[in-house]
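Participant: Need the 3D shape of this:
(4 chains)
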Protein chains: 2
Amino acid sequence: MAQSDTVNRILDAAEVLFAERGFSETSLRMITSKANVNLAAVNYHFGSKNALIQAVFSRFLSPFAKNLEAELKRVSERHTDKPIDIETLLGIVTSCIVMVPAQSKTGVSVFMRLLGLAYTQSQGHLRKYLEQEYSRAFKMFMKHMREATPQLTSVDRFWRIQFMLGTTAFTMSSIEALSDIIENEMQVHSSTEEVVKRLVPFLAAGLQAPLQN
Amino acid sequence: MAQSDTVNRILDAAEVLFAERGFSETSLRMITSKANVNLAAVNYHFGSKNALIQAVFSRFLSPFAKNLEAELKRVSERHTDKPIDIETLLGIVTSCIVMVPAQSKTGVSVFMRLLGLAYTQSQGHLRKYLEQEYSRAFKMFMKHMREATPQLTSVDRFWRIQFMLGTTAFTMSSIEALSDIIENEMQVHSSTEEVVKRLVPFLAAGLQAPLQN
DNA sequence: TGTACATCAGTGAACGCGCGTTCACTGATGTAC
DNA sequence: TGTACATCAGTGAACGCGCGTTCACTGATGTAC
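Facilitator: This next block holds a predicted model:
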């Protein structure tokens, strides 16, 4: 058994349980029994429950941020004359998200649900951690976003990006339940890819909606 | 002291604390000490913490649902020839939300934040309760929604309504944190009312976005 | 009008329980001489 | 090569604490006769 096996088993179990139940509704005892490790192992390896939460996020956000920075740099080098358009920008983000799970072993929906929870459930420690850890990738994305939507004031742009984030996080976190409902009611099967395809025009249209005064 | 005074003081305190901290992060001891009532009074009047949570929602959702049904009926009687358009429909919903706080004493932002939490934090008991309690208003709204977007297939309409719901719930549940960020970065204050005003055109544009194949 | 009883809002203290965390300890592996 | 020691992952049991809930009780008010 490799040295890091216990650590990874804890992270795998915590990731799934946090996504299913939220942070304060998931106890260390649930995590350690699902992971088949000793209760004290969490505090031994991570120090505290809060530190475990941060580690869960790091494991998928770090590769995502790395992918995103690389991809943004790559594409912008081919767009020296004109800014990257919104559809391309959104495409880059979604493709970078899809690239990650192969590394961290979990599905896209768990990934997205956690992102949603990070916004709605954090008590401060997590938000602070994410802000300082991933500010570079976020700023890079925002720079391109600014160039792609010159017609928006910075306040409008800020809010519309939050709206996009909200739509995505919420939809992805409940995609399983929603797919079941629609399959029951309308006998139509929806894969995550198909939902994302429906999502992108919705987001792009919202982002570029006329401003009202 | 009127008979219902303790009940209302508990509801007032619970409403504010739930909105600030979420449900499982708010203890009955916090609520009763803020309300200046005995700890046992919650279980005496409501029976359990879950029942208190449901009562908090009832106090603002019941008048809202009543407003919404009345307003939808009123407006549709003047639109016998053509269906109500989307902007009007969304306007009705937001105005019905704004009408409520005068009855339940709290601000719109507390109201909206609770709505967001209902989606992101409920453990089942709340979702079931809301579904069966307010299904009539919801179905009525959906009927008008269907008429307002005849160009959409029912599958597309289903997903786009979920997108709208997601955007709203997510934004409202994290509105405080987001308002703080934008106030720090751009020195602009954003009230909930202003955010809702920004949200509506975003949602309307997304809902009516061209379909892609 | 007075008495006995019922009802009900509210109380103070305690209950058992699950929580995150701590601590002394084990046993395997690596390292120095 | 053998011995002494250090390091470190992992363990079992317990810690104190805050939680939702319960219960016997009080005291005020209403009601029947």
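
Participant: which stretches of chain A form helices?
Facilitator: Ranges of helices in chain A, per DSSP state H, are A:5-21, A:28-35, A:40-45, A:49-77, A:86-99, A:101-104, A:108-121, A:125-133, A:135-148, A:154-173, A:175-186, A:192-207.

Participant: between those helices, which gets the lowest average pLDDT?
Facilitator: Comparing the helices of chain A by mean pLDDT, the weakest confidence falls on helix A:101-104, with a mean of 66.

Participant: picking that back up, can I get the helices of chain A in JSON lines including mean neighbour count and distance to chain B?
Facilitator: Any C-beta I mention is one placed from the backbone N, CA and C, and that applies to glycine too. What follows is the helices of chain A, written out as JSON lines (neighbours: other CB atoms under 10 Å in any protein chain shown; distance: least, CB to the nearest CB, whole Å):
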{"stretch": "helix A:5-21", "mean neighbour count": "19", "distance to chain B": "8"}
{"stretch": "helix A:28-35", "mean neighbour count": "17", "distance to chain B": "14"}
{"stretch": "helix A:40-45", "mean neighbour count": "16", "distance to chain B": "20"}
{"stretch": "helix A:49-77", "mean neighbour count": "18", "distance to chain B": "14"}
{"stretch": "helix A:86-99", "mean neighbour count": "17", "distance to chain B": "10"}
{"stretch": "helix A:101-104", "mean neighbour count": "14", "distance to chain B": "21"}
{"stretch": "helix A:108-121", "mean neighbour count": "22", "distance to chain B": "5"}
{"stretch": "helix A:125-133", "mean neighbour count": "15", "distance to chain B": "7"}
{"stretch": "helix A:135-148", "mean neighbour count": "15", "distance to chain B": "11"}
{"stretch": "helix A:154-173", "mean neighbour count": "22", "distance to chain B": "3"}
{"stretch": "helix A:175-186", "mean neighbour count": "14", "distance to chain B": "6"}
{"stretch": "helix A:192-207", "mean neighbour count": "19", "distance to chain B": "3"}
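
Participant: And these: which comes nearest B:Ile182?
Facilitator: helix A:154-173 (5.5 Å; CB to CB).

Participant: The closest one vs helix A:175-186, what angle?
Facilitator: Angle, helix A:154-173 to helix A:175-186, by axes from the mean of the first three to the mean of the last three CA atoms, to 10 degrees: 70 degrees.

Participant: tilt between helix A:154-173 and helix B:192-207?
Facilitator: Using the same axes, to 10 degrees: helix A:154-173 against helix B:192-207 is 60 degrees.

Participant: Residues touching stretch A:31-41, excluding its own?
Facilitator: For stretch A:31-41, contacts defined as CB atoms under 8 Å, 6 or more residues apart in numbering or on different chains pick out A:6, A:9-10, A:12-14, A:16-17, A:28-29, A:42, A:52.

Participant: related to what we said a few turns ago, with distance to B:Gly47 added, can I get the helices of chain A in CSV?
Facilitator: Shown next, in CSV, are the helices of chain A (distance: least, CB to CB, whole Å):
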stretch, distance to B:Gly47
helix A:5-21, 24
helix A:28-35, 27
helix A:40-45, 35
helix A:49-77, 31
helix A:86-99, 44
helix A:101-104, 43
helix A:108-121, 27
helix A:125-133, 34
helix A:135-148, 46
helix A:154-173, 31
helix A:175-186, 29
helix A:192-207, 40
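
Participant: can you tell me which residues contact the residue nearest to A:Ala209 when sequence neighbours are not counted?
Facilitator: In space, and not counting its chain neighbours, A:Ala209 is closest to B:Ala205: 3.3 Å by CB to CB, 6 or more residues apart in numbering or on different chains. Each residue near B:Ala205 by CB under 8 Å, 6+ apart is listed here: A:205-206, A:208-210.

Participant: Same check on A:Gln212?
Facilitator: Neighbours of A:Gln212 in contact, by CB under 8 Å, 6+ apart: B:197, B:200-201.

Participant: Just give me the closest of the contacts of stretch A:31-41 to A:Ile181.
Facilitator: Each of the contacts of stretch A:31-41 was scored against A:Ile181 by CB to CB, and A:Val16 proved nearest at 22.3 Å.

Participant: who's in contact with the residue nearest to that closest one when sequence neighbours are not counted?
Facilitator: Leaving aside its chain neighbours, A:Val16 sits nearest to A:Val110 (6.5 Å; criterion: CB to CB, 6+ apart). A:Val110 makes contact with A:15-16, A:19, according to CB under 8 Å, 6+ apart.
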